[in-house]
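> Mind folding the following:
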Amino acid sequence: MAKLKFPDADVPAFDPATGKWNADWYDAISAIKRLGLADLADYDNTTPATNGQVPVFNTASGKFKPGAN
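Below is the predicted model:
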């Protein structure tokens with residue numbers, strides 16, 4: 001599972017002097033964009049999903065698995 005590091009709450013997302021993203025926030029947002037279902041702790045990705053399948057909760061395993069809607 002990917003570990004995300006967010007800047008402290010008092011760090012502005014935008015640099016007020018330049019109006020550009022703060023580098024720390026930019027890195028955090030970029031990391032979120034790279035996440036997929038397999039990165040979630042409660043998703044069982046042992047069986048790949050096929051077309052038309054959705055995440056379905058499996059009470060026996062306590063995880064989501066690909067299944068029919």
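> switch to C-alpha atoms for all contacts and neighbour counts from now on
Noted.
> nearest residue to residue 5 other than its sequence neighbours?
Nearest residue to residue 5 in three dimensions, chain neighbours excluded: residue 28, at 6.3 Å (CA to CA, 6 or more residues apart in numbering).
> Verify the contact between that neighbour and residue 6 for me.
Yes. Counting by CA atoms under 8 Å, residue 6 is a contact partner of residue 28 at 5.8 Å.
> Quick check, pLDDT for residue 2.
Listed pLDDT for residue 2 reads 57.
> likewise the one 5 residues further on?
Each residue has a pLDDT score; the one for residue 7 is 88.
> Could you double-check that it lies in contact with residue 27?
No. In this structure, residue 7 is not within contact of residue 27 by CA under 8 Å, at 9.6 Å.
> show me what contacts residue 44?
Going by CA atoms under 8 Å, 6 or more residues apart in numbering, residue 44 touches 38, 63, 64, 65.
> List the beta-bridge partners for the second one.
Following DSSP bridges, residue 63 is listed with bridge partners residue 58.
> That one and residue 38: what is the separation?
11 Å (CA to CA, to the nearest Å).
> Residue nearest the middle of the protein, spatially speaking?
residue 35 (4.1 Å; CA atoms, centre = their mean).
> For residue 68, see how far away that one is.
Applying CA to CA, the value for residue 35 to residue 68 is 23 Å.
> And residue 24, by the same measure?
When CA to CA is applied, the distance between residue 24 and residue 68 equals 40 Å.
> Neighbour count for these two, which is higher?
residue 24 (15 against 12; other CA atoms under 10 Å).
> now the helices: where do they sit in the chain?
In the chain, the helices defined using DSSP state H lie at 23-33.
> Quick one: low-confidence residue ranges for this structure.
Along the chain, segments meeting pLDDT under 70 span 1-2.
> Quick one: the strands in it, in order.
54-58, 63-67 (DSSP state E).
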